[in-house]
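Student: curious how this folds, go ahead:
(one chain, ligands or ions: 1)
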Amino acid sequence: VTAAALPPAFLIADTAETLVRIGQRAAARGWVPATSGNFSVKDGESIYVTMSGRDKGSLTTDDVAAVHAGLPLPTGLSAEAPLHLARYAADPRIGAVFHIHSPAAVAISYQHRSQEELLLQGWELQKAFAGVRSHEQTIVVPIFPNSQQVSDLALAIESQLSRLTGRTFAPGYLIAGHGLYAWGASAEDAWRHLEAFDALFQTLLYFATSSAQP
Ligand SMILES: [Zn+2]
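Tutor: Down below sits the predicted model:
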């Protein structure tokens, strides 16, 4: 069974199996090149996260680690796990956090890095984001500088996110030159958000590389 042939309803009972299928789908789209990217889903009090350095297109359930509240982190967890765990800690409504290095997300994050945010407005597809009702709304996608000190980066990002109020924020952020983090109440929501982000980024790149103007 190829990833492209998987049914849309990939959320099945076993949470680790869900992450295996998400990895296959992301790999089929070229979103997680060279073992990059990582995915997590909350299941009750536990958070299931993909392990470090695995090819996301050929994950098995052995490549998924469970983080249990109050217990030490398992060894071999994705190096970027602190960014996932910080999101769950900040917002208990979050049920899944997906991170990809899609070329469109990386290019857009780099192109707009000095603005520290990307504004989306006028696009029908922005309604794919939970809570967004109109193409006329202006949606903010924060952009943070990259860092190899991931725990410090997680603290800095959450500190800034907690102070962003008064505007409509997308369910995701960019790390400049690195990639996209997106989340949702469920794995389906987070996946829909990934698809919408990537399509919107590709649309913006079209205008960035042609003489046309949006
Ligand atoms: Zn990454």
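Student: dump the residue contacts of Ser134.
Tutor: Counting by C-beta atoms under 8 Å, 6 or more residues apart in numbering, Ser134 makes contact with Lys127. C-beta: built from backbone N, CA, C; applies to glycine.
Student: what does it show for phi and psi?
Tutor: Ser134 has phi and psi values of phi -140, psi 150 when expressed as degrees, to the nearest 10.
Student: try Phe39
Tutor: The phi/psi pair for Phe39 (degrees, to the nearest 10) is phi -140, psi 140.
Student: who touches it in this structure?
Tutor: Leu19, Ile22, Gly23, Ala26, Val49, Thr50, Lys56, Ala96, Val97, Phe98, His99.
Student: my guess is the last one is in a helix, correct?
Tutor: Same thing as His99. No: with DSSP: H, G, I helix; E, B strand; the rest coil as the criterion, His99 is located in strand rather than a helix.
Student: report the beta-bridge partners for it.
Tutor: When assigned by DSSP bridges, His99 has beta-bridge partners Asn38, Tyr181.
Student: pLDDT of the helix of greatest length in the chain, averaged?
Tutor: In terms of residue count, the longest helix belonging to the chain (DSSP state H) is helix 187-208. For helix 187-208, the mean per-residue pLDDT is 95.
Student: and that helix, what's buried?
Tutor: The neighbour-count check on helix 187-208 (16 or more other C-beta atoms under 10 Å) flags 187-194, 196-198, 200-201, 204-205 as buried.
Student: circling back: now the contacts of Phe39 in TSV, please, with extra columns for pLDDT and neighbour count.
Tutor: Output for the contacts of Phe39, formatted as TSV (pLDDT from 0 to 100; neighbours: other C-beta atoms under 10 Å):
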residue	pLDDT	neighbour count
Leu19	95	26
Ile22	96	28
Gly23	96	27
Ala26	97	26
Val49	94	24
Thr50	94	29
Lys56	93	25
Ala96	97	31
Val97	98	28
Phe98	98	29
His99	98	28
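Student: before we move on, back to that, can you show me the CA trace of the longest helix of the chain as PDB?
Tutor: The C-alpha coordinates for helix 187-208 follow below in PDB (Å, rounded to 0.1, in the frame of the first residue of the first chain):
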ATOM      1  CA  ALA A 187      -4.600  14.500  14.000                       C
ATOM      2  CA  GLU A 188      -7.100  15.200  11.200                       C
ATOM      3  CA  ASP A 189      -7.200  18.900  12.100                       C
ATOM      4  CA  ALA A 190      -3.400  19.100  12.300                       C
ATOM      5  CA  TRP A 191      -3.100  17.300   8.900                       C
ATOM      6  CA  ARG A 192      -5.600  19.600   7.200                       C
ATOM      7  CA  HIS A 193      -3.700  22.600   8.600                       C
ATOM      8  CA  LEU A 194      -0.400  21.200   7.200                       C
ATOM      9  CA  GLU A 195      -2.000  20.800   3.800                       C
ATOM     10  CA  ALA A 196      -3.500  24.300   3.800                       C
ATOM     11  CA  PHE A 197      -0.200  25.900   5.000                       C
ATOM     12  CA  ASP A 198       1.800  24.100   2.300                       C
ATOM     13  CA  ALA A 199      -0.600  25.000  -0.500                       C
ATOM     14  CA  LEU A 200      -0.800  28.700   0.600                       C
ATOM     15  CA  PHE A 201       3.000  28.800   0.800                       C
ATOM     16  CA  GLN A 202       3.300  27.400  -2.700                       C
ATOM     17  CA  THR A 203       0.800  30.000  -3.900                       C
ATOM     18  CA  LEU A 204       2.900  32.800  -2.400                       C
ATOM     19  CA  LEU A 205       6.100  31.400  -3.900                       C
ATOM     20  CA  TYR A 206       4.400  31.400  -7.300                       C
ATOM     21  CA  PHE A 207       4.000  35.200  -7.000                       C
ATOM     22  CA  ALA A 208       7.500  35.600  -5.600                       C
END
